[in-house]
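J.: turn this into a structure:
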Amino acid sequence: MDWTLLPESVWLTAAQMSPYLLLGLAVAGVLHVLVPASTIRRHLSGAGWAPILKAALAGVPLPLCSCGVIPVAEHLRREGAGRGATLSFLASTPSTGVDSILATSGLLGPVFAFLRMGYAFVAGLLSGILTERLGGALQGNQATPIGCASSEEAPAQGLAAKLRKALHHGFEDVLFGMRGWLWIGIVAGGVLSWALPKDLFAGALGNPVLSYLVMAAIGVPLYVCATGSLPIAAALLAKGLSPGAALVFLAVGPATNTATIGFVGKSFGKRVLMIYLASLVGVAFAFGAAIDLTGLQAVIRKAVACHETVAWWEHASAVLLIVLSLRQLPLPRFRSVPPSAKGVLVKLSIPSISCGNCVRHVKAALEAVPGIADIEVDQQAKSVQFSGIATETAIAALEKAGYPASVQA
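T.: Numbers count the residues shown, from 1 in each chain. A predicted model of the protein is given here:
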């Protein structure tokens, strides 16, 4: 293998995705301003078919990955959303988003993007309906930390304020929440394109049924966002994987992972968990077979082949995406933050920290508290330390922001 081609392969993967991803982030910000969370909760409350249908429709364009959709689903449940509507929202939301839809269209073609949206809607609708019909007795309302993306924001006033809020949400909240997995996916896709042989799927893995099972087995426990999984699927497609099997991976990967499985099992019971997983995997297999057994396979492969060349504006978009991704990136510290002259060093445990977006919200909540300085949030340890004497005020501010905290020994 020629190692000099590896950086080029990774860069081309980034350049092919970046323009559509930037456009998707902008649209995500606009949707956030135009459709507040309170509107979504109001329409998803109650039982029956209507909230389930609305939940499936609402989930398709929302740019929430697995780490963000779980606390939102829990919040909807507490606000009165029915069990079927909650599961429908949980299934359809992480499978797509306006950012991943546009990126899919640019990388794999509009037909594949439309089918991906169709999968998310059908899987959400079916999981919600089957949960209402076959889910059995309701489980107890067990409280769990809400975490990121759960707190209400004051509506922006004026066009300039709304534009700032849209840009902040799209290019900070959404991008910062997924940038880690996004770049892992881009690098992994580039490495796979460079390393895997072109005839990888010519043997046993060329069998559609076996390839579906392999993609589902990889995707179900794996945590990967809808956009971050895209370059991996594109690389496998280029090595001969069928478009139907690629859809199976892109479908079940974002919507099912160990965190989501644990949340559904704890909140709704094992029976509902089995219904949820069976619905997602079953619908993915059905959509995959519909692609591979019809002329859609040839259409998708042609769209992928047509995007092998990269224009100058795609290279420029990749540079811009890198710059935006590096903004406010937390840097490792090799020593503890020394106490400030304003007070002693305080350490708080925050179990609901789950992603980089959570880190930003925690830091912003503490920065608004007078008398606090030297704030250091540790995502891995799920804790924060700062210097100051306003410990109780800090805990109250974090509670209000949706991050319950306690003093760490």
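J.: C-alpha only now, for contacts and for neighbours.
T.: Will do.
J.: okay, Gly135 and Lys54: tell me how far apart.
T.: 20 Å (C-alpha to C-alpha, to the nearest Å).
J.: and those two? Which one has more around it.
T.: Gly135 (22 against 18; other C-alpha atoms under 10 Å).
J.: nearest residue to that one in space, ignoring adjacent ones along the chain?
T.: In space, Gly135 comes closest to Val272 once its chain neighbours are excluded; the distance is 5.2 Å by C-alpha to C-alpha, 6 or more residues apart in numbering.
J.: the one you found - how many residues pack around it?
T.: Neighbours of Val272 using other C-alpha under 10 Å come to 27.
J.: kindly report the same for the one 5 residues further on.
T.: Other residues within reach of Leu277 by the criterion other C-alpha under 10 Å amount to 19.
J.: quickly list the domain ranges of this protein.
T.: Domain ranges of the chain: 3-323, 345-407, per automatic domain parsing.
J.: was I right to think Ser229 contacts Leu250?
T.: Yes: between Ser229 and Leu250 a contact is recorded at 6.4 Å, counting by C-alpha atoms under 8 Å.
J.: please, where are all the helices along the stretch 101-250 of the chain?
T.: 110-134, 159-168, 175-195, 208-219, 230-238, 243-255 (DSSP state H, counting those that start in this stretch).
J.: any idea which of the ones you listed scores lowest on pLDDT?
T.: Here these differ in mean pLDDT, and the lowest is helix 175-195 at a mean of 76.
J.: buried ones in the helix or strand harbouring the residue nearest to Gly135?
T.: Element membership of Val272, judged by DSSP states H and E, is helix 270-292. The neighbour-count check on helix 270-292 (16 or more other C-alpha atoms under 10 Å) flags 272-273, 275-277, 279-281, 283-285, 287-289, 291-292 as buried.
J.: quick check: next helix or strand after that helix?
T.: Beyond helix 270-292 on the C-terminal side, the first helix or strand identified by DSSP H and E is helix 296-305.
J.: looking at the buried residues of helix 270-292, spot the one nearest Lys239.
T.: Of all those, Lys239 sits closest to Asp292, with 15.9 Å by C-alpha to C-alpha.
J.: the closest one and Tyr119, how far apart?
T.: Distance of Asp292 to Tyr119, given as C-alpha to C-alpha: 15 Å.
J.: cool, and Leu247?
T.: For Leu247, the distance to Tyr119 - C-alpha to C-alpha - is 9 Å.
J.: got any residues that touch both of those two?
T.: When contacts are counted by C-alpha atoms under 8 Å, 6 or more residues apart in numbering, Leu247 and Tyr119 are jointly contacted by 284, 287.
J.: in the stretch 1-150 of the chain, where is pLDDT below threshold?
T.: Within the stretch 1-150 of the chain, the stretches with pLDDT under 70 are 1, 36-38, 40-41, 45-47, 65-68, 70-72, 74-76, 78-80, 136-150.
J.: try it again with 50
T.: For the stretch 1-150 of the chain, residues meeting the criterion pLDDT under 50 lie at 140-147, 149-150.
J.: flag every buried residue along stretch 13-24.
T.: Of the residues in stretch 13-24, those buried (16+ other C-alpha under 10 Å) are 13-22, 24.
J.: quick revisit: correct me, but the residue nearest to Gly135 touches Ile129?
T.: No: at 11.2 Å, Val272 and Ile129 do not qualify as touching, with contact defined as C-alpha under 8 Å.
J.: want to try TSV for the buried residues of stretch 13-24, with distance to Leu237 and secondary structure as columns?
T.: Listed next are the buried residues of stretch 13-24 as TSV, based on distance: C-alpha to C-alpha, whole Å; DSSP: H, G, I helix; E, B strand; the rest coil:
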residue	distance to Leu237	secondary structure
Thr13	13	helix
Ala14	16	helix
Ala15	18	helix
Gln16	15	helix
Met17	15	helix
Ser18	19	helix
Pro19	21	helix
Tyr20	19	helix
Leu21	20	helix
Leu22	23	helix
Gly24	23	helix
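J.: ok, which pair from these is furthest apart?
T.: Spatially, the most separated pair among the buried residues of stretch 13-24 is Thr13 and Gly24, at 17.0 Å (C-alpha to C-alpha).
J.: contact partners for the residue nearest to Ala188 when sequence neighbours are not counted?
T.: Distances taken as C-alpha to C-alpha, 6+ apart place Ile232 nearest to Ala188, at 6.3 Å, with adjacent residues excluded. The contact partners of Ile232, by C-alpha under 8 Å, 6+ apart, come to 185-186, 188-190, 192.
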